[in-house]
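Colleague: Need the 3D shape of this:
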Amino acid sequence: MIKNRRLVTNSYGDLKNIRIQNFDIPKVKSNEVLIEVHCAGVSFADILAYEGNYQDNPDLPFVAGLEVSGVIKSIGSKVTSFKEGQSVIALSKWGGFSEFIAVDESFVLNKSEHIPHDIGSSMIINYGTSFYTIVERLKCKKGDKILILGASGGIGIAAIEISKAIGCEVIAVASSHEKLKECKKYGADVLILKERGVSLKEILKKNLDYKVDVIIDSIGGQDTLDSLSFLSWEGSLVPMGFASNKIANIPANLILLKNISIVGVFWGPFAKGNKGFTLDSIHKINEFYENKLINISKPTLYSFEEYRLAFDAIKKRKSVGKLSIYTSKYDMDKN
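Modeller: Got it, this is the predicted structure:
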């Protein structure tokens, strides 16, 4: 009998508590599709969730994984938009680190044939979030200057590509020359090394002689505060994550004196509640890809059994770009 391997924890805290365990393949409800997972994207949110440090702690036992790419194996009685054998990408809202997952059809999107499963597993959250933020929410335009903190991460690389696709100037900040090289590969115009032991404010003073229109911040903490003085009048700060494990206490007077907007973007819940908008966004991202305006960065792949290496790379901020875990269903030769 086919089993469903999953990355499970029965207690929050140490990542060492995670185990590969066998479960029964889930039965689909009337509005669900059963997806045979080929690749699942890994994000910092997954690490926080396993450790019990995410915004909300799901019930135990718990399986992380927010986005997957795979093939539909069965459909519920009321499903009309999909069929068995169709390649799809999906927002799983946890549970994605599995070989099979049942997902409400409203959270499932058709995957273009020319996009392999590894890239498919990194599209929805990173590129969806970046597109929604830069194009739809901020309505950035050609010539806008965008400063990206933590630019070599999955969100950072996606933000670089989307920004360049619409003609913005991108200033990328990352913590190593290797990471900056990756930022340059995806189009960053200005590369700034975040040296250990030196404040970001001092580093930016040496490297920037102008103000920026937008700051996309995946780091948080003191770096957020250090960057604010480089934001232009009526500029926008977009907190995208807290890789430093610290949340900045932003003085209200700074917001007032420069007419700054702080724009919150929690795209996952928004995408689930606005499927039509999400489908349109993914379609536009596909158009960018087909017209060679973006590459959609290929994630670093780890096998299901190598999950500890993937989680460690993200937790210790050693990763560059997106990471994905592939299952036994993934065909390396076809991707």
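Colleague: Could you say which helix or strand holds the nearest residue to Asn286 once chain neighbours are set aside?
Modeller: Nearest residue to Asn286, sequence neighbours excluded (CB to CB, 6 or more residues apart in numbering): Ser112, at 5.5 Å. In this view, the C-beta of every residue, glycine as well, is placed from N, C-alpha and C. Following DSSP states H and E, there is no helix or strand that holds Ser112.
Colleague: Just give me the neighbour total for Ser112.
Modeller: 17 (other CB atoms under 10 Å).
Colleague: I figured it hits His283, correct?
Modeller: No. Assessed by CB atoms under 8 Å, Ser112 is found out of contact with His283, at 9.4 Å.
Colleague: wait, what's in contact with Ile148?
Modeller: By CB atoms under 8 Å, 6 or more residues apart in numbering, the residues touching Ile148 are 156, 159-160, 163, 170-173, 188, 215-216, 218.
Colleague: should've said Gly221
Modeller: Gly221 is in contact with 242, 244-248, counting by CB under 8 Å, 6+ apart.
Colleague: picking up where we left off before, most neighbours among the contacts of Ile148, which one?
Modeller: Within these, Gly156 tops the neighbour count with 35 neighbours, counted by other CB under 10 Å.
Colleague: That residue falls within a helix, correct?
Modeller: Yes. Counting by DSSP: H, G, I helix; E, B strand; the rest coil, Gly156 is located in a helix.
Colleague: State the distance from it to Ile192.
Modeller: 13 Å (CB to CB, to the nearest Å).
Colleague: same question, Ser199
Modeller: Distance, Ser199 to Ile192, using CB to CB: 13 Å.
Colleague: Give the residues shared as contacts by Gly156 and Ile192.
Modeller: 172, 174.
Colleague: just to revisit the earlier point, hey, what's in contact with both of Ser112 and His283?
Modeller: Shared contacts of Ser112 and His283 (CB under 8 Å, 6+ apart): none.
Colleague: pLDDT below threshold where in the stretch 151-300 of the chain?
Modeller: Within the stretch 151-300 of the chain, the segments meeting pLDDT under 70 span 267-278.
Colleague: Find the nearest non-adjacent residue to Arg6, please.
Modeller: Nearest to Arg6 is Ser98, by CB to CB, 6+ apart, at 4.3 Å.
Colleague: Which pLDDT value belongs to that neighbour?
Modeller: pLDDT for Ser98: 97.
Colleague: and it, what does it touch?
Modeller: Contact partners of Ser98, counting by CB under 8 Å, 6+ apart, are 4-7, 23, 37, 40, 63, 65.
Colleague: would CSV of the contacts of Ile148 with distance to Gly120 and secondary structure be doable?
Modeller: Listed next are the contacts of Ile148 as CSV, based on distance: CB to CB, whole Å; DSSP: H, G, I helix; E, B strand; the rest coil:
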residue, distance to Gly120, secondary structure
Gly156, 20, helix
Ala159, 19, helix
Ile160, 20, helix
Ser163, 22, helix
Val170, 25, strand
Ile171, 30, strand
Ala172, 25, strand
Val173, 29, strand
Ala188, 24, coil
Ile215, 29, strand
Ile216, 23, strand
Ser218, 22, coil
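Colleague: Turn the residues you listed into TSV, including distance to Phe131.
Modeller: Converted to TSV, those look like this (distance: CB to CB, whole Å):
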residue	distance to Phe131
Gly156	14
Ala159	9
Ile160	13
Ser163	10
Val170	15
Ile171	20
Ala172	18
Val173	21
Ala188	18
Ile215	18
Ile216	13
Ser218	16
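Colleague: How far off centre is stretch 91-107?
Modeller: 16 Å (CA atoms, centre = their mean, to the nearest Å).
Colleague: Do me a favour and get the end-to-end distance for that stretch?
Modeller: End-to-end distance for stretch 91-107, by CA to CA, to the nearest Å: 5 Å.
Colleague: quick one: buried residues of it?
Modeller: Of all the residues in stretch 91-107, those buried under the rule 16 or more other CB atoms under 10 Å are 91-105, 107.
Colleague: Spatially nearest residue to Leu309 (excluding sequence neighbours)?
Modeller: Take Leu309 and drop its neighbours on the chain: the residue closest to it by CB to CB, 6+ apart is Tyr302, 5.7 Å away.
Colleague: quick one: Lys258 and Phe230 touch, right?
Modeller: No. Contact criterion CB under 8 Å: Lys258 and Phe230 do not qualify, at 10.6 Å.
Colleague: who's more crowded, these two?
Modeller: Counted by other CB under 10 Å, Lys258 and Phe230 do not tie: Phe230 has more neighbours, with 20 against 16.
Colleague: Show me the helices in the stretch 201-335 of the chain, by range?
Modeller: For the stretch 201-335 of the chain, helices defined by DSSP state H, counting those that start in this stretch occupy the ranges 222-227, 252-258, 267-273, 275-290, 307-315.
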